[in-house]
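**Q** Pasting the sequence and the predicted coordinates here, then a few questions.
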Amino acid sequence: MIFSKLNGGDDYRAYPPAIRRALAFLRDTDVMGLALGRHELEGDAMFANVMDMTTHPLEGSHPEVHSAYIDLMYWPEGGERIGWAPYLGSEPVFEARPENDIALLETVEHESILTATAGCFALFFPWDAHRPALMLGDAPATSRKVVVKISMGLLEG
């Protein structure tokens, strides 16, 4: 898992080329002007899902994991809290949807809560269980979010 600000001074040379390309797309694109939905960057190997997501309480939510894609989440406005924990592979699955590359877990141990605000980005790899879209405050809120899906195959050399 990587958590930072898009314009936070990261040395992008430390990131694999595919992640650098995805970050460049976010940095160089007016994502607030994009239509909601899927935007292909490199076909099925890398694409962006633009959404106006609404946050929800922690109660009743489930951590998720993916096996084929990395989630690069970016918040151009608003934000959310996100649960994160290492995925060990032994956690009970609540619901699996392999056709969508997602498994929802019953629970995870040692979950940390991150606070994402405008300008933040987070990379969640297949070994990162994450629980997105948790409320920042006491009530649900809606804001723009972009999730770039990066195929793990793009990281293989």
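**A** Arrived safely, thanks for sending.

**Q** what about the nearest residue to Lys145 once chain neighbours are set aside, how many neighbours?
**A** Closest residue to Lys145 apart from its sequence neighbours, by CB to CB, 6 or more residues apart in numbering: Met53 at 4.8 Å. Placement of C-beta: from N, CA and C, glycine included. By other CB atoms under 10 Å, the residues close to Met53 number 19.

**Q** what is the rounded mean pLDDT of the helix or strand Met53 falls within?
**A** For Met53, the element it lies in under DSSP states H and E is strand 46-54. Average pLDDT, strand 46-54: 97.

**Q** Okay, now the sheet partners of it, with direction.
**A** According to DSSP bridges, strand 46-54 forms sheet pairs with strand 37-40 (antiparallel), strand 142-151 (antiparallel).

**Q** At the geometric centre of the chain, which residue sits there?
**A** Central residue of the chain (CA atoms, centre = their mean): Met73, 3.5 Å from the mean position.

**Q** So, low pLDDT: which residues of this structure?
**A** Applying pLDDT under 70 to the chain picks out residues 157.

**Q** Check the gap between the residue nearest to Lys145 and Ala45 for me.
**A** Between Met53 and Ala45 the computed distance is 24 Å (CB to CB, to the nearest Å).

**Q** ok, which stretches of this structure are strands?
**A** 2-5, 37-40, 46-54, 64-65, 69-74, 79-86, 93-97, 102-105, 112-117, 120-124, 128-134, 142-151 (DSSP state E).

**Q** With distance to Arg13 added, can I get those in a markdown table?
**A** As requested, those are exported to a markdown table (distance: least, CB to CB, whole Å):
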| stretch | distance to Arg13 |
| --- | --- |
| strand 2-5 | 14 |
| strand 37-40 | 26 |
| strand 46-54 | 19 |
| strand 64-65 | 28 |
| strand 69-74 | 17 |
| strand 79-86 | 25 |
| strand 93-97 | 36 |
| strand 102-105 | 31 |
| strand 112-117 | 24 |
| strand 120-124 | 16 |
| strand 128-134 | 22 |
| strand 142-151 | 17 |
